[in-house]
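Enquirer: Predicted coordinates and the sequence they were generated for:
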Amino acid sequence: MSIATLLPILLRGSLALLLFALGLKATVRDTTYLFHQPRQLLRAFAAMFVVMPVTALILARGLDPHPAVKIALVALALSPLPPTFPQKAFKEGGRLAYVVGLLVAATLLAVPLIPLSLELIERYRDMPLQMRPTTVLGLGFWSLLLPLSVGIIIRRFAPAFAERAAGPIITTATVVLVLGVLPILLRVWPAMISLIGNGTLLAMIVFVLVGLATGHLLGGPNPDDRTVLAISTATRHPAIAIAIAQANFPDQKLAPAAVLLYVFVSVIAAVPYLKWSKRRQERAPVMA
């Protein structure tokens, strides 16, 4: 099995475990939270599905990085939610209802919006792009919605077990991700390094900063929600990004390496924001 095939499987598997653990802490009402908060939903939509794709296109044209980097930026801009989203969101103070509601809303919105966005980009950039809604639904259902739903159902009928199991499952998911992906990263590392130059790092850093700033500004009055939306807007979901890149540019073998390089850059670039956000939340009063 090739690295390009194995890596998305490991990412989706680890994410499925994390989402299952999140479901063990959530309720059905949490999943529909943002649909009862139309202003928050609209702001999240604007940040994740409007600002970031436009930013990716501007950076791809303005800085003209390696073709694989251009593909990676556009694919990441269309990929909702990062694989460590639930764990990182709670670590940074995210509210359960907002975290779950954003996850569900972004996944459902991605089904029509990813193909539509690809169609618009194809017309704007004059490049053949395509991804069927059923493909997006499959990715979102199996790696996001199904494990989350199973966790919620278990919590409904066995709350004590759900509370005990959530922590160990999160730990297991993290171990699976690290032990599974680390050997692959060591093999891909030379390809990642080869992409550095010609504006690659600048484009990725600007992309992260725009995502953090946009998510923070549009996250609403609650500081926890701002942090969650900032993280979600900036870091994205590399497994879905790789799937988009492979579906449209199967001959561009460096695209997965470019996506992984962005993951490294985004983690490093987000550290100052997360430290500032944590200090800010410690000083701010808790909001409902």
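Expert: Received the coordinates, thanks.
Enquirer: Past the lowest-mean-pLDDT helix or strand in the chain, which element shows up next along the chain?
Expert: None of the helices or strands of the chain scores lower by mean pLDDT, DSSP states H and E than helix 85-91, at a mean of 52. Note on helix 85-91: by DSSP states H and E, the next helix or strand toward the C-terminus is helix 96-125.
Enquirer: where do the helices sit along the stretch 1-150 of the chain?
Expert: Taking DSSP state H, counting those that start in this stretch as the test, the helices found in the stretch 1-150 of the chain are 3-23, 28-31, 38-46, 52-62, 67-77, 85-91, 96-125, 133-140, 146-157.
Enquirer: for the fourth one, which positions count as buried?
Expert: Using 16 or more other C-beta atoms under 10 Å as the test for burial, helix 52-62 gives Met52, Pro53, Thr55, Ala56, Leu57, Leu59, Ala60. The way it works is simple: take the backbone N, C-alpha and C, and place the C-beta from them, glycine included.
Enquirer: Pick out the shakiest of the helices of the stretch 1-150 of the chain, pLDDT-wise.
Expert: Lowest mean pLDDT within these: helix 85-91, a mean of 52.
Enquirer: how about the helices of the stretch 1-150 of the chain, which one is nearest Ile184?
Expert: Of all these, it is helix 3-23 that lies closest to Ile184, at 5.4 Å by C-beta to C-beta.
Enquirer: elements contacting the closest one?
Expert: Applying 3 or more C-beta pairs under 8 Å, 6 or more residues apart in numbering; DSSP states H and E, we find helix 3-23 packed against helix 85-91, helix 96-125, helix 146-157, helix 159-194, helix 238-248, helix 255-283.
Enquirer: Looking at the ones you listed, which is nearest to Asn222?
Expert: Proximity to Asn222 (C-beta to C-beta) singles out helix 96-125 among the helices and strands packed on helix 3-23, at 7.5 Å.
Enquirer: between the closest one and helix 238-248, how many degrees?
Expert: 20 degrees (axes from the mean of the first three to the mean of the last three C-alpha atoms, to 10 degrees).
Enquirer: shift numbering so it begins at 22
Expert: Sounds good: first residue 22 from here, last item helix 117-146.
Enquirer: quick check, distance from helix 117-146 to the centre of its chain.
Expert: Centroid separation between helix 117-146 and its chain, computed with C-alpha atoms, centre = their mean, to the nearest Å, is 11 Å.
Enquirer: what's the angle between it and helix 24-44?
Expert: 150 degrees.
Enquirer: Could you list the low-pLDDT ranges of the stretch 122-271 of the chain?
Expert: Along the stretch 122-271 of the chain, segments meeting pLDDT under 70 span 145-158, 160-161, 201.
Enquirer: can we see that at 50?
Expert: Of all residues in the stretch 122-271 of the chain, none has pLDDT under 50.
Enquirer: Can you give me the neighbour number for Asn129?
Expert: Slight slip there: residue 129 is Leu, not Asn. 17 (other C-beta atoms under 10 Å).
Enquirer: that older thread, can you say which of the helices of the stretch 22-171 of the chain is packed in most?
Expert: helix 88-98 (a mean of 27; mean count of other C-beta atoms under 10 Å).
Enquirer: What helices and strands are in contact with it?
Expert: Applying 3+ C-beta pairs under 8 Å, 6+ apart, one finds that helix 88-98 contacts helix 73-83, helix 221-239, helix 259-269, helix 276-304.
Enquirer: between these, which gets nearest to Val125?
Expert: Closest among those, using C-beta to C-beta: helix 259-269, at 15.4 Å.
Enquirer: Buried residues in the closest one, which are they?
Expert: Using 16+ other C-beta under 10 Å as the burial criterion, the residues of helix 259-269 that qualify are Pro259, Ala260, Ile261, Ala262, Ile263, Ala264, Ile265, Ala266, Gln267, Ala268, Asn269.
Enquirer: Setting aside sequence neighbours, what's the nearest residue to the first one?
Expert: In this case it means Pro259. Closest residue to Pro259 apart from its sequence neighbours, by C-beta to C-beta, 6 or more residues apart in numbering: Val280 at 4.9 Å.
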